[in-house]
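Novice: Fold the following.
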Amino acid sequence: MVSSFFITILAAAICFFMIFRKIRSRRQANKEIDPSSLSHNWTHDVFPSFRGEDVRRSFLSHIQKEFERKGITPFNDNGIKRGKSIGPELIRAIRGSKIAIILLSKNYASSRWCLDELVEIMKCREELGQTVMAIFYKVDPSDVKKQTGYFGEVFKKTCAGKSKEDIRRWRQALEKVAKIAGYHSNRWDNEAAMIEEIVMDVLKELINNAPSSDFDGFVGMRAHMKKMEPLLLLGSEEVRMIGIWGPSGIGKSTIARVLFSQHSSQFQLSVFMPDIKRCYPRLAYSEYNKQLQLQEEFLSSIFNQKDIKIHHLGVAQDRLKDKRVLVVLDDVDHLVQLDAMAKATGWFGPGSRIIITTQDKQLLRAHRINHIYEVDFPRYDEALEIFCMYAFGQKSPYDGFENLAWEVTRLAGRLPLGLKVMGSYLKGRPEEEWRKELPRLRTSLDGDIESVLEFSYNALGADDKELFRYIACFFNNVTREKVETHLANHFPNVSQGLEVLAERSLISITTSYNGLTPEDVCMHDLLARFGREIVRRQSLYDPGQRQFLVNAQDICKVLKNDTLTIRNLKWMDLSDSKNLKELPDLSTATNLCELKLRYCSSLVKLPSSIGNATKLLKLDLSDCWSLVELPSSIGNATKLLKLYLSGCWSLVELPSSIGNLINLTELDLRFCWSLVELPSSIGNATKLLKLDLSGCSSLVELPSSIGNLINLTELTLSRCSSLVELPSSIGNLINLTELTLSWCSSLVKLLKGCSSLEALPIIIDMESLDTLYLTGCKSLKTFPVISTKIKSLSIIETAIEEIPSSFRSWSRLEDLRMPYCENLAEFPHVFGCITELEVSNTRIQEIAPCVKEMSRLQRLVIKGCTNLVSLPELPGSLRFLLAENCESLEKLDCSFYKRVFDYLLFCNCFKLNQEARDLIIKTSISTKYAMLPGEKVPPYFTHRTNGSSISVNLIGSDTHFPLSLRFKACVLTGEQSYAMYWNLNCCINGVKVKVKIVGSIDHSLHLLIFKFEAEVSSSELLFEFKSVRFPTCEIGGCGIRILI
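Specialist: Predicted structure coming up:
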């Protein structure tokens, strides 16, 4: 435990160091380019290209004067000497101008200088997106395009003696500029009016394309924009609705504003409807009137006309169906809002884009929006930069503030809103004030953050609000199974409630690192603090009136003040109250359902008034090291289901009244080192299902009454080092399915972990027993005589050398595990119903050929079998093959590729020959995932690249989206400086894909190959891969193959 803790601390320290090293290096590097400066660093508003002899003293002088009057800065070439070709100064001027105006006059083509300028301008138009305007001054555009008429004669003279390449470039540029819908002087009677219109158009263009400074310092926006591109698909004429989804305060609105700022000029009409759920409350009158009000506001905004009034909901469709529009509906929380402003794509003209930000994913699904961008939390280094931008005005902390900045960033939980609010609050304050504020920041919320979160909470139903409070106070970072089990009696459908909270982004339900263990329910720290604050407000001045008590100060106030009642209290958590020696009177706690006192290391005893808590269902006293006894009144809590006393080292005995707990289903006494015996009355608790006495090293015997526990399914006695024998009545446990007796070093008449035990008696031949663990019985040499009806048998770390032939008659055995049996040199000859077999870390040198006859074997684990050189033909039923760290393994049977596996792990098997590696790769085509040593992505993957991301274009323009596709991916891990446990994340166009691929590999190169399915909404796909636990770990390459 100490070593694992040390490793965790070391990993955190390394991560911390790497983040700050990255930040310090950025101080010397260029700052990240934000969206407002993605286009170019312009030095002039306008670059005019003209033939001086035609226009300098007339048209040009007049338009330049008008530019000056309007504050437009044109490039002036007065100081430049003209030569045979344009020089670098002029090229810089062209490239540094936002708009190029080409003034085509009759002698324009007589100048090579002008023609070279034109070529450079058209190049900038294509490469930099420079705006180009053409003025046809007393010349016909067709003459310019075809080089005919007087314009053509002049051009022909200029071409004399010039290279074919120069002539080709000039002709091509003239053809392109002639196609621009420009200004024709022959269509104007009044030159002054023409000049005024040109200048106004230039001014309008400059205003529309002026970079916004609203988003300066928004870290990571470039990545968001890149991921949004394939969802927007701006080149398509389809009408598309796009959802931006994520929790409150994560930056959805900011992303939408940047999109709007960058792209609104490309649409006929555009509107950003901000903060809809706040600005458009659910009014008291009819649903239809609500929709009318919303549509009126929407139309007034998009047409920039005040107080538009409508009498039916068909107006928006009628007015917008032929117009290309960009609409952003920000912070939508109800379908009525979408129905009023963007009910269907048919409401809008071709090429329109409707962007909806929300924290309710189900709302998007209900509106049939399939293009959804999930906004993830920023990386830790990005979160620190965001905070620093608001606290210090730069992307790194001031010297001496590094640790403080990191601590505040951690408290904000990487939530951009929290980072912004906390950074702004602390900005300009001295270091000592920062330190004074930290305790308050750890426990309370800023008002701005709270107001945002409150909207999300208020939108929930009554049951969902209560479930939110339960999770915030008691069940954050707890497995989903535990949440559903504990709250089953409180809510009609806990599972459905969890899904609602997840859809609203109020919790996340995540899978653990190995992808196989239970789901965890996680709530962001700011949301959890908000939930606890709601509970606190239930009764500000009498905490005892609240539903839950979780704050140590409030609990102490209640328990010390006799005038306060705790009659309404259902849950109380005093965990980690290390100075608590005893609890005051609990006489009025008649509705208390759960009492948690974990790690109250100074608690000596419970008050006798605990017996008044007659509705108590769960009492958790785990790791109350000083607890000496339980009061006899505990027997009055007859509804008690679970009693946890693990780690109560000082507890010597249990009161005989424990037998009165007739509804008790679980009793945990692990590591009660001083416990000498159990009262005989324990036999009265006949509903007991689980009894755990592991680590009770002073326990000498069990009462014979234990045989009365006829419903007991699990009995754990591992590490009961003083236990000499088991009572014969143990044979009466007719429902016992799991018996664990590991490391019972004094046990001479029974089983598991018994280091002195050499053989096992027939007593364990119980009809109901289907699971048996024999761990750490280092002297056990003879295979035990056990019931032939056993289903799962674990014989771990014993001296057994072989398995008897009679083993084959065990017709019900499904699971056999014999890891760390170091004397086992021969592969077990087992048949029957075996589905799982583990012989990891043994001395076996070969897998017996008979393994192919194990027709039901699905999982074979041979990790760490360092003497194993080759694998024979394997059964067709096998789905999992785990062979990590088989350092001598070289060869595989040639039939290997004919098998269909789900998982193949050959991590750190560096002696595998090339043929074996090819077989694994060939076989991996059909696997869910595989891992093996390798140095490059195999050619099987049709799209390959170096680095951690790859772009793939789907072939075929007639594809209808959204579309569900299957992919095969390969990731090449980079060289690492230390061994690590990989858990990979995959994103497509910024949207996470559920993949489960994990494995422990050392610093050498490995291939991670896996299959997954995802719904795509664009033909342009960007795949990104990264390590979850160690985001900085290098990925050397990746590959993708689209499966049919």
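Novice: When you work out contacts or count neighbours from here on, use the C-alpha atoms and nothing else.
Specialist: Noted.
Novice: residues in contact with Ser264?
Specialist: 270, 326 (CA atoms under 8 Å, 6 or more residues apart in numbering).
Novice: Secondary structure class of it, three-state.
Specialist: The assignment at Ser264 comes out as helix when based on DSSP: H, G, I helix; E, B strand; the rest coil.
Novice: Retrieve the pLDDT associated with it.
Specialist: Note on Ser264: pLDDT of 86.
Novice: roughly how far apart are it and Val325?
Specialist: Between Ser264 and Val325 the computed distance is 8 Å (CA to CA, to the nearest Å).
Novice: what is in contact with the two at once?
Specialist: The overlap between the contact sets of Ser264 and Val325 (CA under 8 Å, 6+ apart) consists of Ser270.
Novice: Would you confirm that Ser300 contacts Ile310?
Specialist: No: contact criterion CA atoms under 8 Å: Ser300 and Ile310 do not qualify, at 10.5 Å.
Novice: Distance check, the nearest residue to Arg856 once chain neighbours are set aside against Ser794.
Specialist: Using CA to CA, 6 or more residues apart in numbering and skipping the chain neighbours, the partner closest in space to Arg856 is Thr835 (5.3 Å). Using CA to CA, one gets 14 Å for the distance from Thr835 to Ser794.
Novice: Same question for Phe880.
Specialist: Distance from Phe880 to Ser794, by CA to CA: 19 Å.
Novice: got it, and Lys891?
Specialist: For Lys891, the distance to Ser794 equals 29 Å [CA to CA].
Novice: can you confirm Trp170 is in a strand?
Specialist: No: going by three-state DSSP, the assignment for Trp170 is helix, not a strand.
Novice: got a list of what it touches?
Specialist: Per CA under 8 Å, 6+ apart, neighbours of Trp170: 115-116, 118-119.
Novice: So Leu384: helix, strand or coil?
Specialist: helix.
Novice: Would you confirm that it contacts Thr409?
Specialist: Yes: using CA under 8 Å, Leu384 is in contact with Thr409, at 5.9 Å.
Novice: Can you pick out the residue with more neighbours from these two?
Specialist: Using other CA atoms under 10 Å, the more surrounded residue of Leu384 and Thr409 is Leu384, with 28 against 25.
Novice: Contacts only, for the more buried one.
Specialist: 395-396, 405-406, 409.
Novice: Then Thr923?
Specialist: Thr923 makes contacts with 896-901, as judged by CA under 8 Å, 6+ apart.
Novice: what's the answer for Leu586, then?
Specialist: If a contact means CA under 8 Å, 6+ apart, then Leu586 has 607, 609-610, 612-613 as its contacts.
Novice: Can I get those in TSV including pLDDT and distance to Glu454?
Specialist: Below are the contacts of Leu586 laid out as TSV (pLDDT from 0 to 100; distance: CA to CA, whole Å):
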residue	pLDDT	distance to Glu454
Pro607	92	39
Ser609	91	39
Ile610	92	37
Asn612	91	37
Ala613	91	34
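Novice: all helices of the stretch 351-500 of the chain, in order?
Specialist: In the stretch 351-500 of the chain, the helices defined using DSSP state H, counting those that start in this stretch lie at 361-366, 380-391, 402-412, 416-426, 431-443, 447-458, 462-470, 480-486, 494-503.
Novice: out of the ones you listed, which comes closest to Leu667?
Specialist: Ranking those by proximity to Leu667 (CA to CA) places helix 480-486 first, at 15.8 Å.
Novice: Summarise which helices and strands that closest one is packed against.
Specialist: The contact analysis (3 or more CA pairs under 8 Å, 6 or more residues apart in numbering; DSSP states H and E) places helix 480-486 against helix 494-503, strand 519-522.
Novice: Just put these in CSV and tack on distance to Met389 and mean neighbour count.
Specialist: Listed next are the helices and strands packed on helix 480-486 as CSV, based on distance: least, CA to CA, whole Å; neighbours: other CA atoms under 10 Å:
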stretch, distance to Met389, mean neighbour count
helix 494-503, 31, 19
strand 519-522, 28, 20
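Novice: Could you export those to a markdown table, including columns for distance to Arg92 and mean pLDDT?
Specialist: Formatted as a markdown table, these follow (distance: least, CA to CA, whole Å; pLDDT from 0 to 100):
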| stretch | distance to Arg92 | mean pLDDT |
| --- | --- | --- |
| helix 494-503 | 52 | 88 |
| strand 519-522 | 54 | 82 |
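Novice: For the ones you listed, give me CSV that also has distance to Leu128.
Specialist: CSV is the format used below for the helices and strands packed on helix 480-486 (distance: least, CA to CA, whole Å):
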stretch, distance to Leu128
helix 494-503, 42
strand 519-522, 46
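Novice: ok, back up a step: winner for burial among the helices of the stretch 351-500 of the chain?
Specialist: Across the helices of the stretch 351-500 of the chain, the average number of neighbours (mean count of other CA atoms under 10 Å) peaks for helix 380-391, which reaches a mean of 24.
Novice: chain center to that one: distance?
Specialist: Averaged C-alpha coordinates place helix 380-391 at 19 Å from its chain's average position (CA atoms, centre = their mean, to the nearest Å).
Novice: What average pLDDT does stretch 626-646 get?
Specialist: 94.
Novice: Then stretch 320-331?
Specialist: pLDDT averaged over stretch 320-331 gives 93.
Novice: In PDB, list the C-alpha atoms belonging to whichever strand or helix holds Leu774.
Specialist: Element membership for Leu774 (DSSP states H and E) is strand 771-775. Extracted in PDB, the C-alpha atoms of strand 771-775 (Å, rounded to 0.1, in the frame of the first residue of the first chain):
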ATOM      1  CA  THR A 771     -16.500 -20.900  -4.900                       C
ATOM      2  CA  LEU A 772     -13.300 -21.600  -2.900                       C
ATOM      3  CA  TYR A 773     -10.200 -19.500  -2.400                       C
ATOM      4  CA  LEU A 774      -7.000 -21.100  -1.200                       C
ATOM      5  CA  THR A 775      -4.500 -18.300  -1.200                       C
END
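Novice: Make residue 1 into 3 and carry on from there
Specialist: With the count now opening at 3, the last piece we talked about shows up as strand 773-777.
Novice: partners of it, with directions?
Specialist: strand 740-742 (parallel), strand 794-798 (parallel) (DSSP bridges).
Novice: Just the CA atoms of the longest one, as PDB, please.
Specialist: Right, strand 794-798. Taking Å, rounded to 0.1, in the frame of the first residue of the first chain, the C-alpha atoms of strand 794-798 are listed here in PDB:
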ATOM      1  CA  SER A 794     -14.800 -21.600  -9.200                       C
ATOM      2  CA  LEU A 795     -11.500 -22.600  -7.600                       C
ATOM      3  CA  SER A 796      -8.600 -20.200  -6.800                       C
ATOM      4  CA  ILE A 797      -5.400 -21.900  -5.500                       C
ATOM      5  CA  ILE A 798      -3.000 -19.000  -5.400                       C
END
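Novice: That one: what's the following helix or strand?
Specialist: Following strand 794-798 toward the C-terminus (DSSP H and E): strand 817-819.
Novice: how far is that next one from where the chain is centred?
Specialist: 35 Å.
Novice: Return the closest of the contacts of Thr925 with respect to Val496.
Specialist: Closest to Val496, out of all of these and judged by CA to CA, is Phe903, at 35.8 Å.
Novice: neighbours around the nearest residue to that closest one once chain neighbours are set aside, how many?
Specialist: Nearest residue to Phe903, sequence neighbours excluded (CA to CA, 6+ apart): Arg881, at 4.3 Å. For Arg881, the tally of surrounding residues (other CA under 10 Å) stands at 19.
Novice: And Glu231, by the same measure?
Specialist: Count around Glu231 with other CA under 10 Å applied: 16.
Novice: For it, which three-state class applies?
Specialist: helix.
Novice: distance of it from Arg370?
Specialist: For Glu231, the distance to Arg370 - CA to CA - is 20 Å.
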